[in-house]
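Q: Below is the sequence, then the predicted model.
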Amino acid sequence: QANKALGYQAIFAEDSKGDGEGRTFQAVAVVPASTCEANPNVTLADLKGGNACSAGYKQTSGWTIPLATMVTQGDGSNTEELGKTDWEAMTSFFPQMCSPGGPEEADEKLCANCAGDCESGDGEPYSGHAGSMRCLMEGKGDVAFTKETAPLDFA
């Protein structure tokens, strides 16, 4: 449904070897098609300051890969994030998000757009890969970070 009916599109994916053949685990950033229509060359940097939906804190595709991409994007001179915790770096890029299962001291920012208890599991409807897509589809984020197959589950 998200892909066909709502027109959501993936705008980045990880290629672990750089040759298109080494994808052992792919992470994607999914945005509404309207975002791509407004800016056909949209990048993660264009989404800075928006709201994000994450599969969960410390999840490879929902947290680790997007965070590494944000910190290392561009020419590698992004030293602004050095010395910050992972959640401080992430929320300096996306001030409000839903990223279930994070540290308690980060709840105000990591749980701002969550719909339940902000824990990984059944008490948080936006938890997990399907949950990050649900968060995006229900308008709680401008981008969803999830595994490559999650958008297809909603097609």
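A: The structure has been received and is ready for your questions.
Q: Show the pLDDT at the closest residue to Cys111 other than its chain neighbours.
A: Leaving out its chain neighbours, the residue that sits closest to Cys111 by C-beta to C-beta, 6 or more residues apart in numbering is Cys118, at 3.6 Å. To be clear about C-beta, it is placed using only N, CA and C from the backbone, and glycine gets the same treatment. If you check Cys118, the pLDDT there is 96.
Q: same deal with Gly76?
A: pLDDT, read off for Gly76, is 50.
Q: Tell me which stretches of this structure form strands.
A: Using DSSP state E, the strands of the chain run over 8-13, 27-32, 51-54, 96-98, 143-147.
Q: give me the low-pLDDT residue ranges for the protein?
A: Across the chain, the ranges flagged by pLDDT under 70 are 1-25, 74-82, 155.
Q: can you rerun that using 90?
A: Counting by pLDDT under 90, the ranges of the chain that qualify are 1-28, 33, 43-45, 60-61, 65, 67-84, 89, 121, 147-155.
Q: Quick one: the helices in the protein, in order.
A: Under the criterion DSSP state H, the chain carries helices at the ranges 33-38, 65-72, 86-93, 107-110, 128-137, 150-153.
Q: Right, I'll leave it there.
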